[in-house]
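Student: pasted the sequence and its predicted model underneath.
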Amino acid sequence: MNQEDIIPGNTYTSPINNMGDDNKKCEKDILNQAQTKKQNRSQPVEHMQVPKCRTNKKYEYPNEYYLDPAASTFEDIKRFALTKIPRLNSVTTINKYLNIARLMETHPVFPVNFKIPSWQNFFQHMEYIQIEEQQTANVLHSRRKTWHMFTKAWGKFQEWPIYKLPPVPNRSKDIIIPTPETVHSILTHKYTADKYLNRFIQYGYFIGFMIGMRAPSEMRNLNVNDVYLDETDNYLITITEPKKHGNRRKLKLENKIAVSKTRKSFKNYIDTIRPHFAKKRESALLVDPQTGKRWKTEDQLRYHLNYYATQVWKNYHPYTMRHWCATARCVEWKNDYRVLLRVKDWLGHTSIGTTEKYIDLASFYDNNKGSWISRALKTLPVMWGLLKVPIERNLEKSKRFVQSVRGTTSVSLQVRYSLFERLERNFYDFLQFVFWDIHLFKKFLESSLYFLKSNSIHTIPVGYRSGSLSFFFCNNSSRGVILA
């Protein structure tokens, strides 16, 4: 019989059981040897041992693959991060982390030594700025990300412990966003005397507020071919996300944003405004008005957006457009049970937890006055007025009245003439005026009635309508038609 056959739990009865104590000790030694041999069979050979940490296979490279902390510079770290660290391929983000590293390196009390690094040194630095300097959670998070970028370049990310951050409080309501009326002011403000340049600037904010892209990275990478307006009721825009390695998401646009003829829309911008500034073969949707080409850097586009919008709203920054769009979409789709998923897909969030804060913002800022997008674009029902001016009687006075109406500043946007109509043996010219504001209509009404009274024109009924409410003004001697 072999010793290998003797293992614990076996029912085999050894013939040496009837022997003395010395023989029993020998049997125990044999059983122990067999048990040890069986355990060794399940263990790998020494040269095939598995590394201690296999939680992240992305950074398991040979030692010569990593950088030497003593010999590497910040530029070496930058090149390594751009080419070999996943999800960190943005030059702007890497430069931000390098600037944070310089602050950590020159800290007056606990500087971080990037030439002879140790995790104990970094922990001391973090504990000091957290306890003594009372730095915010965002500062601590950014410095830990900076440290992780360096440790991945050194090959120490799997070996060294990770600094545990304090819990981050929910500060979603600390985000300040403008009202739809303020957004309308940003979209219609007169920034320059040049008509086309002024509209070009306005359209940059229009695209940002209506789509809610990550500004300025996604706005800079947007191309003309990414906007599809060829099919009716199937208007699409495709957004490239540099933050996600060039991932692309597709959104379906509403008609009022995509192809409206009377208000700002993508079609109006591409057909009438962009050709005045873009070079002939330029593919970028948003171009630098000075060069006619794609913005050279994201910082230039960020400065351009900040420079003009802060003239209207001082709290503006480029990400305000994304916050506002997310909140507006929550208000727009609040009756849809899939509102959270729809907003998540619209913004391109990876985690639905990031989207939840906009639900809180929508409930905090919404005042139940209707769609934010319609209020920003002024697509709500407008008020209008109708004047019947007699042409046969007092012809000269009627002509003067029409000329004064054309020249007054209180009349808004549109004057439309109808055909002459024979009514009670008199010819009338119907003048229709479109108003966007009740105060504007009141001013127009006061000025027009004053003119009519001063020129002895008494048989002119005046009326206007707002939504479903109808109002009618006329004197006793005239017969008017109620506007319904």
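Tutor: Perfect, thanks for sending it. The model shown is predicted, which means the values in this text are computed figures rather than measured ones.
Student: quick one: the strands in the stretch 201-350 of the chain, in order.
Tutor: 227-228, 235-241, 247-253 (DSSP state E, counting those that start in this stretch).
Student: next, format those strands as a markdown table and append mean pLDDT, distance to Phe122 and mean neighbour count.
Tutor: Backbone N, C-alpha and C define where each C-beta goes, glycine included. Supplementary listing: the strands of the stretch 201-350 of the chain in a markdown table, determined by pLDDT from 0 to 100; distance: least, C-beta to C-beta, whole Å; neighbours: other C-beta atoms under 10 Å:
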| stretch | mean pLDDT | distance to Phe122 | mean neighbour count |
| --- | --- | --- | --- |
| strand 227-228 | 94 | 46 | 18 |
| strand 235-241 | 93 | 31 | 18 |
| strand 247-253 | 93 | 32 | 14 |
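Student: which stretch among those comes nearest Ile175?
Tutor: strand 235-241 (21.3 Å; C-beta to C-beta).
Student: and stretch 311-329, average pLDDT?
Tutor: Regarding stretch 311-329, the rounded mean pLDDT is 94.
Student: start and end of it, how far apart?
Tutor: Counting by C-alpha to C-alpha, to the nearest Å, you get 26 Å between the two ends of stretch 311-329.
Student: what lies in contact with it?
Tutor: By C-beta atoms under 8 Å, 6 or more residues apart in numbering, the list of residues contacting stretch 311-329 from outside reads 175-178, 180, 182-183, 185-186, 189, 191, 205, 208-216, 302, 305-306, 309-310, 342-343, 346-347, 355, 358, 361-362, 365-366, 371-373, 376.
Student: just the buried residues from those, in ChimeraX please.
Tutor: With 16 or more other C-beta atoms under 10 Å as the criterion, this ChimeraX line picks the buried residues out of the contacts of stretch 311-329:
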select :175,177,178,180,182,183,186,189,191,205,208,209,210,211,212,213,214,215,216,302,305,309,342,343,346,347,355,358,361,362,365,372,373,376
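Student: return the per-residue confidence for Lys24.
Tutor: For Lys24, the predicted pLDDT is 49.
Student: repeat that for Ile270.
Tutor: Value listed for Ile270 in the pLDDT field: 95.
Student: and it, what does it touch?
Tutor: Ile270 sits in contact with 224, 227, 229, 285, where contact means C-beta under 8 Å, 6+ apart.
Student: what do you get if the cut-off is 10 Å, keeping everything else the same?
Tutor: Counting by C-beta atoms under 10 Å, 6 or more residues apart in numbering, Ile270 makes contact with 203, 224, 227, 229, 278, 285.
Student: near the residue lying closest to the second one once chain neighbours are set aside, how many other residues are there?
Tutor: Same thing as Val224. In space, and not counting its chain neighbours, Val224 is closest to Leu285: 5.2 Å by C-beta to C-beta, 6 or more residues apart in numbering. Under the neighbour criterion other C-beta atoms under 10 Å, Leu285 is assigned a count of 24.
Student: dump the residue contacts of Leu285.
Tutor: Leu285 neighbours (C-beta under 10 Å, 6+ apart): 203-204, 207, 219-227, 237, 266, 269-270, 274, 278, 294.
Student: tell me how far it lies from Tyr235.
Tutor: 14 Å (C-beta to C-beta, to the nearest Å).
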